[in-house]
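**Q** predicted structure and sequence below. I'll ask about it afterward.
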Amino acid sequence: MDGNEMKTAGKCPVMHGAITSEGRSVMEWWPNALKLEILHQHDSKTNPLAGFDYREAVKGLDVAALKRDLAALMTDSQDWWPADWGHYGGLMIRMAWHAAGSYRAADGRGGGGTGNQRFAPLNSWPDNVSLDKARRLLWPIKRKYGNAVSWADLILLAGTVAYETMGLKTFGFGFGRADIWAPEIDTYWGAEKEWLAPSDERYSDVDKPETMENPLAAVQMGLIYVNPEGVNGKPDPLKTAAQVRETFARMGMNDEETAALTAGGHTVGKTHGNGSAAALGPDPESAGPEMQGLGWANPNQHGKAANAVTSGLEGAWTTHPTVFDMGFFDMLFGHEWELSKSPAGAWQWEPVAIAEEDKPLDASDPGKRHNPMMTDADMAMKLDPVYRAICERFIADPAYFNDTFARAWFKLTHRDMGPKARYIGPEVPAEDLIWQDPVPQGPTGYDVAALKARIAASGLSTAELVATAWDSARTFRQSDYRGGANGARIRLAPQKDWEGNEPARLAKVLAVLEPLAAEAGASLADTIVLAGNVGVETAAAAAGVALDLPFSPGRGDATGAMTDAESFAPLEPIHDGFRNWLKKDYVVAPEELLLDRAQLMGLSAPEMVVLLGGLRVIGANHGGSAQGVLTDRVGALTPDFFVNLTDMANTWVKAGEHYEIRDRKSGAVKWTATRLDLVFGSNAILRAYAELYAQDDNAGKVVHDFAAAWTKVMEADRFDLAR
Ligand code: HEM
């Protein structure tokens, strides 16, 4: 079919009926409809390796051989994409940094943990120009090692080995990142419809970096962090410094780590802008099939590294860009800098005066030298007083700089892997790091049944037991494996004081459970989960079903010293649809927030539905109020929520902030409900599940499915178990 045929094809009366391309979704007519597919990404149908356990397979990887092959690749320049100075290190490091650097602490999404850089939008981001070549350079190695190493691990390892070949002593490497096979559809990258739309669209005030829309951590659509030319492309290192500080903080990096990363990153490699960016072909996602997944074809390159155009800035930062040394500081602090324009027309800084021998060599012609350059973000390291003081400390103590950088690089590339127990391989560092949220192994040999009996006799209500366990486990997010019941951090600051944890109720329950845990020789973390299980089993018994929930002991209790309290702030729930609670000042629709939370918890849509309906009837609502409980048998794990919601004997009437469910004939108010409750009867998909659970033949299914989903939530963060 040629282009003309394609244009007229829409009028053809036959041969259509499938919606097979993005942008033709029939659901676009209802842009506010809930996107429940976010719960069902990466399922077995898209995974050609269904049943394959990568985390097991990678244990058989010959790491030394792979690292040797990667090291050899660094200096094996290919004609189709020649290496600058014969070394691919800079390119590989930028690829790894842009993979890991899309992580944002607010929701734990992004990051290098899934190999998502292979797919849109990241494979085609303006900031990721030329990284298609970096990944393609790795293909022969990926092909050779096959399933024993994932793309996600390989991309980050390539950056790490690149540093090692350039002289950095790295801090270690952990394997274990399984690949996805399709882009994530739950990650919000911004609302802009245009690449590199002005920053103003995501800030309420672009001069106040903290006003950037959450959970975003980049200043413009299509960038990893900040604009290298300055805020909205206008050079001003102090303004850029403020944006660098905020964007890196949103990745969980402090000022020292930020300065180390920027300096260490730009100690090697170069920027590319030796020609017009307008000449580049389309990005990989929109390029023609003859491009075979590559994009940004450069008609002027003719196999010459020196003609590459990537960011549009042009030049190296240091005199020896293939060596990890102190060259970045020597250059930045050893010269005065002035604004200049690259051949591609981008703003950059160049030295006012520099000795010829201090200039870096041309990337492909050793007979020529060029001025070095700095981005506006590099200049920020010199002109911002806080970054400057940190750099001066690095300059005075190069070993300290090496160590700080190596640790920051390790954190960058491992941040979304979760606890250290998830790292695999011979190069896992022994040291515990605070950002890994360490938790000691807890006891396993105690008498579980006896402890459960003591909890059951403790006088705590079913709702108190269930709510406390739920609150302790619900912080878990599969996006970066943070949070969860393990560690019992619910008893520590800041969690114990979060409004959503009802501090008074929590303190009361903990005061009862703590001595029981001590007496039994169990951790408090285990005891809290067991208490929840006791509550659920009691609620099932009240509905006439005997339940014995599975439980694996061994959670540990973290201490305050093992907890970076500040870093837990993003885990604070602003909503918990399951417990019918929403922070008052929050504006997004509660059903959207619920869906987002369910995705982070790793729940499927039916699991989400049955958990919500079950928690409502158990009465574990926020504040223990009966509001929104569609049952007159509070505390029993019945299908009442679903039955009463879908009962045609009722009408549903908005009454102020809430809804009333009234008897259709008498008009008497039977129950009150929240908007979220009613969504479970009004959204077509959720209603389909609600009706299933309301069917006469499915009362037992409610208990069974609730129990399974509950156990999944309670056990989600058990990293010490084989999984
Ligand atoms: C502060 C924010 C940062 C900005 C604005 C920034 C900007 C840039 C730009 C514009 C380029 C040129 C890309 C090209 O034209 O090829 C570049 C290259 C590079 N960046 Fe950064 N960067 C930042 C942070 C980092 C960090 C944290 C690292 C790693 C730890 C890093 C590592 C690199 C490397 C190795 C290259 C060289 C790529 C090559 O040689 O092909 N950058 N950066």
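**A** Now that the structure is in, tell me what you want to look at.
**Q** quick check: residues of the stretch 351-500 of the chain near the ligand?
**A** Residues of the stretch 351-500 of the chain found near the ligand (C-beta under 6 Å from any ligand atom) are T375, A377. C-beta coordinates here come from the backbone N, C-alpha and C atoms, glycine included.
**Q** buried stuff in stretch 292-307?
**A** Neighbour-count burial for stretch 292-307 flags L294, G295, W296, N298, Q301, A305, A306, N307 (criterion: 16 or more other C-beta atoms under 10 Å).
**Q** which single one of the residues you listed is nearest to the ligand?
**A** Taking C-beta to the nearest ligand atom as the measure, the ligand lies nearest A305 of the buried residues of stretch 292-307, at 9.4 Å.
**Q** residues in contact with that closest one?
**A** By C-beta atoms under 8 Å, 6 or more residues apart in numbering, the residues touching A305 are P82, A83, D84, A363, S364.
**Q** any chance of those in a markdown table with secondary structure as columns?
**A** Formatted as a markdown table, those follow (DSSP: H, G, I helix; E, B strand; the rest coil):
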| residue | secondary structure |
| --- | --- |
| P82 | coil |
| A83 | coil |
| D84 | helix |
| A363 | coil |
| S364 | coil |
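**Q** picking up where we left off before, can you name the two of the buried residues of stretch 292-307 that sit furthest apart?
**A** The largest separation in these, counting by C-beta to C-beta, is between G295 and A306 at 20.5 Å.
**Q** got the residues of the stretch 51-200 of the chain near the ligand?
**A** D84, G90, L91, I93, R94, W97.
**Q** can you pull the contacts of the residue of the stretch 551-700 of the chain found nearest the ligand?
**A** Nearest residue of the stretch 551-700 of the chain to the ligand (C-beta to the nearest ligand atom) works out as S567 at 19.2 Å. For S567, the contact set (C-beta under 8 Å, 6+ apart) comprises A105, G252, W435.
**Q** which ones among the buried residues of stretch 292-307 are found in helices?
**A** Assignment to helices by DSSP state H places none of the buried residues of stretch 292-307 there.
**Q** pick the one among the contacts of S567 closest to R68.
**A** W435 (30.6 Å).
**Q** for the closest one, give its distance to V587.
**A** 31 Å (C-beta to C-beta, to the nearest Å).
**Q** immediately after the lowest-mean-pLDDT helix or strand in the chain, which helix or strand?
**A** Within the chain, no helix or strand scores below helix 3-8, which has a mean of 43 by mean pLDDT, DSSP states H and E. Using DSSP states H and E, the helix or strand that follows helix 3-8 in sequence is helix 54-57.
**Q** C-alpha coordinates for that following helix, CSV please?
**A** Only the C-alpha atoms of helix 54-57 are listed here, as CSV (Å, rounded to 0.1, in the frame of the first residue of the first chain):
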residue,chain,number,x,y,z
TYR,A,54,14.9,-14.1,35.3
ARG,A,55,16.0,-13.6,38.8
GLU,A,56,16.9,-17.3,39.0
ALA,A,57,18.5,-17.4,35.5
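**Q** name the residues that touch it?
**A** Applying C-beta under 8 Å, 6+ apart, the set of residues contacting helix 54-57 is N147, A148, S150, G176, A178, D179, I424, R723.
**Q** how far does the very next helix or strand once past it sit from its chain's centre?
**A** Later in the chain than helix 54-57, the nearest helix or strand by DSSP H and E is helix 63-74. Relative to the centre of its chain, helix 63-74 is centred 29 Å away, using C-alpha atoms, centre = their mean, to the nearest Å.
**Q** I528 is in contact with A485, correct?
**A** Yes - A485 lies in contact with I528 (C-beta atoms under 8 Å); the separation is 6.3 Å.
**Q** common neighbours of the two, please.
**A** Common neighbours of A485 and I528 (C-beta under 8 Å, 6+ apart) are A469, S472.
**Q** which residues touch the residue most central in space within the chain?
**A** Computing the C-alpha centroid of the chain and ranking residues by C-alpha atoms, centre = their mean puts R109 first, at 1.7 Å. By C-beta under 8 Å, 6+ apart, the contact list for R109 reads Y103, E184, D186, T187, Y188, P215, S479, D480.
**Q** pLDDT score for it?
**A** According to the prediction, R109 has pLDDT 96.
**Q** name the element it belongs to?
**A** Counting by DSSP H and E, R109 is part of no helix or strand.
**Q** and the one 4 residues further on, by the same measure?
**A** Secondary-structure element containing G113, defined by DSSP H and E: none, the residue being outside all helices and strands.
**Q** please report the distance of it from G159.
**A** From G113 to G159 the distance is 14 Å (C-beta to C-beta).
**Q** got it, and K665?
**A** In terms of C-beta to C-beta, K665 sits 69 Å off from G159.
**Q** between those two, which one's more packed in?
**A** The residue with more neighbours, out of K665 and G159, is G159; 27 against 8, by other C-beta atoms under 10 Å.
**Q** what sits closest to that one if chain neighbours are left out?
**A** With sequence-adjacent residues excluded and distances taken as C-beta to C-beta, 6 or more residues apart in numbering, G159 is closest to A96, at 2.5 Å.
**Q** for the residue lying closest to V268 once chain neighbours are set aside, give me its contacts.
**A** Sequence neighbours aside, G90 is the residue nearest to V268 in space, at 5.0 Å (criterion: C-beta to C-beta, 6+ apart). Taking C-beta under 8 Å, 6+ apart, we find G90 in contact with D84, A162, V268, G269, K270, P321, T322.
**Q** let me see the ranges of the helices in the stretch 251-400 of the chain.
**A** 255-265, 327-334, 376-383, 385-396, 398-414 (DSSP state H, counting those that start in this stretch).
**Q** just put those helices in a markdown table and tack on mean neighbour count and mean pLDDT.
**A** Listed next are the helices of the stretch 251-400 of the chain as a markdown table, based on neighbours: other C-beta atoms under 10 Å; pLDDT from 0 to 100:
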| stretch | mean neighbour count | mean pLDDT |
| --- | --- | --- |
| helix 255-265 | 23 | 98 |
| helix 327-334 | 20 | 98 |
| helix 376-383 | 23 | 98 |
| helix 385-396 | 16 | 98 |
| helix 398-414 | 20 | 98 |
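**Q** make CSV out of those and add distance to W195.
**A** CSV is the format used below for the helices of the stretch 251-400 of the chain (distance: least, C-beta to C-beta, whole Å):
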stretch, distance to W195
helix 255-265, 23
helix 327-334, 29
helix 376-383, 20
helix 385-396, 29
helix 398-414, 25
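**Q** quick one on the thing from earlier: the residue nearest to V268: which element?
**A** Using DSSP H and E, G90 falls in helix 89-100.
**Q** per-residue pLDDT, N32?
**A** 84.
**Q** adjust the sequence numbering to begin at 22 for everything that follows.
**A** Done: numbering now begins at 22, and the last item shifts to N53.
**Q** gap between it and E612?
**A** 10 Å.
**Q** so these two - more neighbours on which side?
**A** E612 (20 against 8).
**Q** element containing that one, please.
**A** Judged by DSSP H and E, E612 forms part of helix 611-621.
**Q** ok, residues contacting that helix?
**A** With C-beta under 8 Å, 6+ apart, helix 611-621 has contacts from 55-57, 59-60, 128-129, 207, 495, 497-500, 594-599, 603, 607, 626, 628-629, 633, 695-697, 700, 704.
**Q** quickly list the domain ranges of this protein.
**A** 220-418, 469-592, 596-722 (the TED database).
**Q** how long is the last one end to end?
**A** Read it as domain 596-722. The straight-line separation of the ends of domain 596-722 (C-alpha to C-alpha, to the nearest Å) is 27 Å.
**Q** if we can go back for a sec, of the contacts of R130, which pair is most distant in space?
**A** Y209 and D501 (15.3 Å).
**Q** the two: who's more crowded?
**A** D501 (23 against 15).
**Q** backbone dihedrals for the more buried one, please?
**A** When read as degrees, to the nearest 10, the backbone of D501 gives phi -140, psi 20.
**Q** what sits closest to it if chain neighbours are left out?
**A** G129 (3.4 Å).
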